[in-house]
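Novice: After the sequence you'll find the predicted model.
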Amino acid sequence: MTETPAEQASSEPTTAAKRPMIEAIGLSKFYGPFAASRDITFSVGEGELVAFLGPNGAGKSTTMKMLTGYIAPSEGVAKIAGHNMMEDRIAGSRRLGYLPESGPLYYEMTPMAMLSFFADARGLSSAIKKDRIDKVVDICDLSTVMYKPISKLSKGFKQRVGMSQALLHEPDVLILDEPTAGLDPNQIRGVRKTMRRLSETKTILLSTHILQEVEAMADRVVLINEGRMRYDGSVEGLRQRGDGDLDDAFHSLTLGEAMEPSET
Ligand SMILES: Nc1ncnc2c1ncn2[C@@H]1O[C@H](COP(=O)(O)OP(=O)(O)OP(=O)(O)O)[C@@H](O)[C@H]1O
């Protein structure tokens, strides 16, 4: 990670002291000769909300899938709450809620039926089940749509149903893959409100390619481009790299490198 400035490492004095809950340790994923992500190393401390930023195709989803144990890394180790996700996935998954980019929504079901199905699949007793469903319905503001088919819900509600499923087993770590992608401004506001509420008690890694999202939600940002880490530090530090402009910083760390050869 040659581009990460030394001053950024020192700009996060609290991170090192926090218990690491999400750890990417030299993660790489190769598809034949192509590296979807290469040597990704960062850690999210307990209670942090970190934005995982990068342009389309940067390798965010691939890295998140390795962190969740959904795919095996070609190299490196992923840990959730200290559990190696290749060796001890079940223990790690108990602590983890994962919202994939296209959530596992069963469109013909209602949110109530889907949550009930997942609660049964997770082996929750009927006493706990009702309590947990009530809680996630409250957190995700789903009470008005509980008995409508998921296929008929707006995209914003579909995202919140996906999030409710990820929260059902009360995980303390959340990995959310572009939860606001494709939503209108009002829906984005609703999903962000839910995430802010969750961030009060949980450790969150949130992927996005939207700079406003980073500014609105996170203090810290990990930026990747073409599968490689380009920055890990505060949002303010990133802004400074663009002389006060986040757009410029993003541009120089993503497009900048690709453009340089053709300019010389
Ligand atoms: N199973 C696969 N086989 C081959 N290439 C893949 C596979 N999965 C992902 N890729 C490639 O790896 C690269 C990174 O993809 P990834 O989905 O991780 O990016 P991303 O940052 O999440 O992008 P987006 O914001 O568009 O979702 C892309 O070039 C993608 O085409």
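Specialist: Okay, I see it.
Novice: Can you give the distance from whatever helix or strand residue 117 lives in to the centre of its chain?
Specialist: Assigned by DSSP states H and E, residue 117 falls within helix 111-121. Centroid separation for helix 111-121 versus its chain: 23 Å, with C-alpha atoms, centre = their mean, to the nearest Å.
Novice: near the ligand, which residues of this structure?
Specialist: Contacts of the chain with the ligand, taken as C-beta under 6 Å from any ligand atom, map to 31, 36, 54, 56, 57, 58, 59, 60, 61, 62, 101, 209. Every residue, glycine included, has its C-beta placed from N, CA and C.
Novice: can you rerun that using 5 Å?
Specialist: Applying C-beta under 5 Å from any ligand atom, we find that the chain lies next to the ligand at 31, 36, 56, 57, 58, 59, 60, 61, 62.
Novice: picking that back up, next secondary structure element downstream of the helix holding residue 117?
Specialist: Scanning forward in sequence from helix 111-121 by DSSP H and E, the next helix or strand is helix 126-139.
Novice: how many other residues sit next to the closest residue to the ligand within the stretch 151-264 of the chain?
Specialist: Nearest to the ligand, among the residues of the stretch 151-264 of the chain, is residue 209, at 5.3 Å (C-beta to the nearest ligand atom). Here the count is done by other C-beta atoms under 10 Å, and residue 209 has 18 residues near it.
Novice: residue boundaries of the strands in the stretch 51-200 of the chain?
Specialist: Read by DSSP state E, counting those that start in this stretch, the stretch 51-200 of the chain holds these strands, from start to end of the chain: 75-80, 83-84, 96-99, 173-177.
Novice: Would you format those as CSV with mean pLDDT and mean neighbour count included?
Specialist: CSV is the format used below for the strands of the stretch 51-200 of the chain (pLDDT from 0 to 100; neighbours: other C-beta atoms under 10 Å):
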stretch, mean pLDDT, mean neighbour count
strand 75-80, 98, 21
strand 83-84, 97, 18
strand 96-99, 94, 24
strand 173-177, 96, 24
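Novice: can you tell which of these is closest to residue 115?
Specialist: When the strands of the stretch 51-200 of the chain are compared by C-beta to C-beta, strand 96-99 sits nearest residue 115, at 13.2 Å.
Novice: Relative to that closest one, what are the paired strands and their orientations?
Specialist: For strand 96-99, sheet partners with direction are given as strand 173-177 (parallel), following DSSP bridges.
Novice: quick one: the strand it pairs with to strand 75-80, angle?
Specialist: Here the directions of strand 173-177 and strand 75-80 differ by 120 degrees (axes from the mean of the first three to the mean of the last three C-alpha atoms, to 10 degrees).
Novice: Residues touching strand 173-177, excluding its own?
Specialist: The set of residues external to strand 173-177 that reach it, using C-beta atoms under 8 Å, 6 or more residues apart in numbering, is 21-22, 60-61, 64, 67-68, 80-81, 95-101, 163, 166-167, 195, 198, 202-207.
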